Every structure is written in C-alpha cells, then in structure tokens.
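Chemist: My questions are about this predicted structure, shown below with the sequence.
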Amino acid sequence: MNSSTGPVLVVDFGAQYAQLIARRVREAQVYSEVVPHTAAVDELLAKNPAAIILSGGPSSVYEEGAPAMDPALVEAGVPVFGICYGFQLLASALGGTVEATGAREYGRTEVKVTGDGGVLHDELPTRHPAWMSHGDSVTKAPEGAVVTATSDGAPVAGFEDTGRRIAGVQYHPEVGHSPHGQEVLRRFLHEIAGIRPQWTTASIVEDQVAKIAAQVGDGRAICGLSGGVDSAVAAALVQRAIGDRLTCVFVDHGLLRAGERTQVERDFVAATGVNLVTVDARERFMDALAGVTDPEQKRKIIGREFIRVFEQAERDLKAEGDYRFLVQGTLYPDVVESGGGAGTSNIKSHHNVGGLPEDLAFELVEPLRLLFKDEVRRVGLELGLPETIVHRQPFPGPGLGIRIIGEVTPERLATLRSADAIAREELTAAGMDRDIWQCPVVLLADVRSVGVQGDGRTYGHPVVLRPVSSEDAMTADWTRLPYEVLERISTRITNEVADVNRVVLDVTSKPPGTIEWE
Ligand SMILES: Nc1ncnc2c1ncn2[C@@H]1O[C@H](COP(=O)(O)OP(=O)(O)OP(=O)(O)O)[C@@H](O)[C@H]1O
Ligand SMILES: O=c1[nH]c(=O)c2[nH+]cn([C@@H]3O[C@H](COP(=O)(O)O)[C@@H](O)[C@H]3O)c2[nH]1
Ligand SMILES: NC(=O)CC[C@H](N)C(=O)O
Ligand SMILES: [Mg+2]
C-alpha cells in the first residue's frame, strides 16, 4: 500500500491535456493537482506525492535543453507514470532508448498487448484502439521493465516495473478516444502505486468542513451569493462549519438577467434557509463602467466593485460582530484561466480571482478552489441541495457586462436582458436545459446592420447565440440545437426586441473560442 497522504502530481511538460489527466485521476477517486515542469525535485517531494505522472509535451528528449526528469524522483521511491513525452522521458532517464524512428502516429492507433499484458494491459483486448500523438519512440525500455504493449509506430508502447513502481504508455490514456485508457490509469494508481481510492464526495465534504472550521474559528464570514451552483455549495459547506455566523450577500449590480433577483431572494432563501442580505449596487457599477470597452478593464472594475460592496456590507453588519472572512465559490477553472494555475497564461481575469483588488482586507475562504464544476455538483447533491440549484446553468459573476461588446449602458442592458430572457424561455420550453452547459446571448453593441421590418429600413444590432456543451468549461463544443428551436428564438427576438434586427449563431468550439465573448 501507499502510505503517502499527498496528491498525485501531474508534472506538466507543456501538454494540451495536463488538466484532463488530473481529472481522470480524480475520477479514479485519487486527489490530483498539476504542477509545472520547472518545479525542482525537492519542491515535488515536499508535497509528499502519492505518485507522479509525467505529461506529454512538444519537446524531444534528445534535444538540447529539452525539459528533463531527475532520476532522484524514482530513487526516492515515488511511483512514476509517464505519458507520451513523459513516457519517453522516463525511459531515457532510466537507461532506455528514445529515437526519432521516422514512424509517426497521430490520432487513432491500434495498440497490441504483448506477453501477458503485465498489470496495465492484463486481459485487455489483444488489439485495441488508443489515441497517439508522437514522432519519437521508445525503442528500448529501461533495464528491468517489461514491455506490455506495442504498435506499428511505437516498438515500446507501454512498459512497467512493478518492483520500482514505474510504468508508462506512449498513447494518451486520458482522452475519450482511448477506450481502455481510464482503466490503465486506474490500474497504475490503485495496483502499481498502491493508492487507496479515497477522494469521494463524502470525503471532500468532511475535509472541507473541517478545514473551514479550523480557518474561521469562532469568527464570522460573509459569502458572496449569486444564486449559482458554486456559491450555493460554498455557502452550504460554510454553513455546516460555522452555522449562523455566516451571512450571505447578494449583489444586484444591474448586470443580472431578468427575474434573477427574485429567484435568489425568494426561491433560494426558501430552499436553503440562509441569512441573506441584498445590496442594490446598480448605480455604483454603472458609474464605474461608464465609457469602458476593454474586456479586461471591465472585469477588473467589476471584481473591484464587488469587493467594495462586500466591504460596505461588512460595515453595515458591524453590530452583529466582526466579519473578517469572505467566502467565494471560486473553482479550479477560474483560477487556471486567471493565470493562477501551474504555468498557465492569463486567458481572462475571472472577477473573483484575477479581478480582486490589491488592497483586499478580507481573508478568503474558498472551499471549492481545487474542484471542477461536475465535482461541485456532486458535492451539492451530497449536501442535500435541491436539484434546481445543483443543475442550474452557470452564469458569470460579471453578468451581462461581459456580454455587451462595447460600452455597458442601461439601454443596452435592457435590450440584452430581453433577448436573453427569450432565448432562455424557448430553450426551457424545448426541454433543452440539461442538454446544454449554458447559452450566452451576446449583444454586438458596436456593430450595426441593415434590415427591413414592416417595409421600412432598420439599422440595428445583431445578437449572437452561443449554446455550448461541456464537461467542466475548460473545453467546450457548440451545441447542435434543433433548427426549429433556433428559428423560434430568432423570430421572437427580432420581433420583440427593439434595436435587434439580426440573430447569429456562434459555431466555435473552445479552444479556440472561449465560452464568453469577453
Ligand atoms: N451577484 C453576485 N452577488 C454576490 N456574489 C456574487 C455574485 N455573482 C458572483 N458572485 C461571487 O463570485 C463567485 C464566482 O461566480 P460564478 O458565477 O463563477 O459562480 P456562481 O455564480 O456561484 O456559480 P455559477 O458558475 O454556477 O454561476 C460566486 O461563487 C460568488 O461568490
Ligand atoms: O464567475 C465568473 N466570473 C468571471 O469573471 C467569468 N468569466 C467567465 N465565466 C464563466 O466561466 C466559464 C468559462 O468561460 P470562458 O470560456 O468564457 O472563460 C463559463 O461558464 C463562463 O460563463 C466566469 N464566471
Ligand atoms: N505529444 C507528445 O508528448 C509528443 C512527444 C514527442 N515530442 C514526440 O513527438 O514523440
Ligand atoms: Mg454565477
């Protein structure tokens, strides 16, 4: 058995899929985090990792300056699994051979199980498909390792040394196109590395409640509550830990959708029984956003104003006691996209992470900071939150403010709010709510187009429909909505919303597009 209590560390060598590997490990009920390949061995060992997974990456191990692996890792007795580049790296660091053989494999590839399949490939179909993406190959496995898989282009497509607890595969077990990949990863974690599967929803709840209780002590906390899943789950966890020393604050920043305020004030409170304060901050946000068109600037202003409102709420609540802690429903993707993850670039500053002001006086409590949305939903169900909250589609904190391309004004907000309400109504009526992740409606306020309505010329604005399907918002595909539903939405928006004379459909996946336009 593996006695480490630390995470499985995914060392990122510049892979497209490093986060995905961490997800798959979590699906095998083992906690996992991504770290950059620039982290030194001591830093990695200091985290007491239960195992290390070396990711793929664009380099070739034999090139000068290619990222390396310190054999000290294996000598320290940490189980190591290599994928693609990581597999080649593991082989070459331990005395195997890696060469550019001239055989490249990209995409679906047939893998052949060799010998008895060892632990990783035992009893899998002798020939099965797997997803490959390589030009270099391992031609000789490290001394003492057995080869358990091969392919036309990869003489060694998998090896393992159960004594030293090292193993790897040339293919990508983490992607859906490798149908046995998850099983192979699971076997490495549970059987070769000997890690007990303990990362379950119940254990997450128990762990987080204990951590919050320790952090907040007998203090008081404010929770930014939006009516969305993340803050609802965060609030429920904190409520479990500190009871009524939690007060939720809902900010009406004027960037909300139609009906949202009532939904939170009436339905949410009825369903959860939280202490709720609503702050009407419409004027303050509108003033701060006047004249601003740059998306990052908008996000930073909104992030700052949120905090200013929470500070005001804290002053207003002084009579009850000191509210030193601020609870936010921040998730792992918010952190990663704001450039706070391991070696990640700043894609956009999520208001609750990259948009926070520097003079933040609160101590943050963010119990969901390491989780993906689907994990959060499972935690919500475990906590007994109603399905209507747990399965609500996400809506970004900066709201309609980042769905108006151009300056945010009250008139434009009213236009977008009407168009958005129609789209949501029709999607719900068509029973599509659970089929899509979310469907932003975007107003191209700085674009005009000519139309004809009632025999007269119009010169209005287009709105964009952006229906997406996703597992965790890190990647997404555009949803193939039925034409009849699109038609109803389009007809109603152009008929009912003044100023909008065109409805267009966004058919871009993420990447390259993000879900929101700003
Ligand atoms: N109108 C609001 N009032 C108070 N806090 C808010 C508001 N909007 C967002 N927040 C805070 O910002 C955090 C991040 O927002 P985000 O939209 O990612 O999460 P959410 O609204 O809780 O869930 P979802 O992603 O499902 O919409 C929230 O968890 C909440 O703490
Ligand atoms: O609370 C939030 N604050 C933000 O600043 C923010 N920006 C994007 N989103 C939501 O995050 C998910 C990924 O969106 P993107 O593909 O646009 O980055 C999608 O679900 C977006 O709606 C945000 N949520
Ligand atoms: N995707 C990868 O990790 C590629 C590794 C290596 N550069 C190769 O082409 O074989
Ligand atoms: Mg939200």
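Modeler: Right, received. Where do you want to start? Ligands and ions are numbered 1, 2, ... in the order given.

Chemist: ok, the single nearest residue of the stretch 301-450 of the chain relative to ligand 4 - how many residues close by?
Modeler: Closest approach between the stretch 301-450 of the chain and ligand 4, counting by Cβ to the ion: Phe395, at 4.4 Å. In short, each C-beta sits where N, CA and C put it, glycine included. Neighbour count of Phe395, defined by other Cβ atoms under 10 Å: 18.

Chemist: so it, which of the three states?
Modeler: Recorded secondary structure, Phe395: coil (DSSP: H, G, I helix; E, B strand; the rest coil).

Chemist: Enumerate the residues of the chain near ligand 4.
Modeler: Residues of the chain lying close to ligand 4 by Cβ under 5 Å from the ion are Ser226, Gly228, Phe395.

Chemist: With distance to Gly454 and pLDDT added, can I get these in TSV?
Modeler: Converted to TSV, these look like this (distance: Cβ to Cβ, whole Å; pLDDT from 0 to 100):
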residue	distance to Gly454	pLDDT
Ser226	40	95
Gly228	40	94
Phe395	34	97
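
Chemist: Dump those residues to TSV, plus distance to His134.
Modeler: Output for those, formatted as TSV (distance: Cβ to Cβ, whole Å):
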residue	distance to His134
Ser226	44
Gly228	41
Phe395	41
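
Chemist: and which of those is nearest to Thr5?
Modeler: Gly228 (32.3 Å; Cβ to Cβ).

Chemist: who are the neighbours in contact with the residue nearest to the closest one when sequence neighbours are not counted?
Modeler: Leaving aside its chain neighbours, Gly228 sits nearest to Phe395 (5.9 Å; criterion: Cβ to Cβ, 6 or more residues apart in numbering). Phe395 sits next to Ser226, Gly228, Arg257, Glu260, Gln438 when contact means Cβ atoms under 8 Å, 6 or more residues apart in numbering.

Chemist: ok, and which of those residues reach ligand 2?
Modeler: For ligand 2, the contacts drawn from the contacts of Phe395 by Cβ under 6 Å from any ligand atom are Gln438.

Chemist: For Lys300, give me its contacts.
Modeler: Lys300 touches Ser349, Gly354, Gly355, counting by Cβ under 8 Å, 6+ apart.

Chemist: By neighbour count, sort out the buried ones in those residues.
Modeler: Listed as buried from the contacts of Lys300 are Ser349, Gly354, Gly355; burial here means 16 or more other Cβ atoms under 10 Å.

Chemist: In terms of helix, strand or coil, where does the residue of the stretch 201-350 of the chain found nearest ligand 2 fall?
Modeler: With Cβ to the nearest ligand atom, the shortest gap between the stretch 201-350 of the chain and ligand 2 falls at His350, namely 3.8 Å. What three-state DSSP gives for His350 is coil.

Chemist: how many other residues sit next to the nearest residue to Ile347 once chain neighbours are set aside?
Modeler: In space, and not counting its chain neighbours, Ile347 is closest to Glu337: 4.5 Å by Cβ to Cβ, 6+ apart. Around Glu337 there are 21 other residues, counting by other Cβ under 10 Å.

Chemist: Quick check: pLDDT value at Glu337.
Modeler: pLDDT, Glu337: 76.

Chemist: likewise Tyr332?
Modeler: 86.

Chemist: follow-up on the earlier one: now that the residue of the stretch 201-350 of the chain closest to ligand 2 has come up, it's in contact with Glu337, right?
Modeler: Yes. His350 lies in contact with Glu337 (Cβ atoms under 8 Å); the separation is 6.1 Å.

Chemist: No further queries at this time; thank you.
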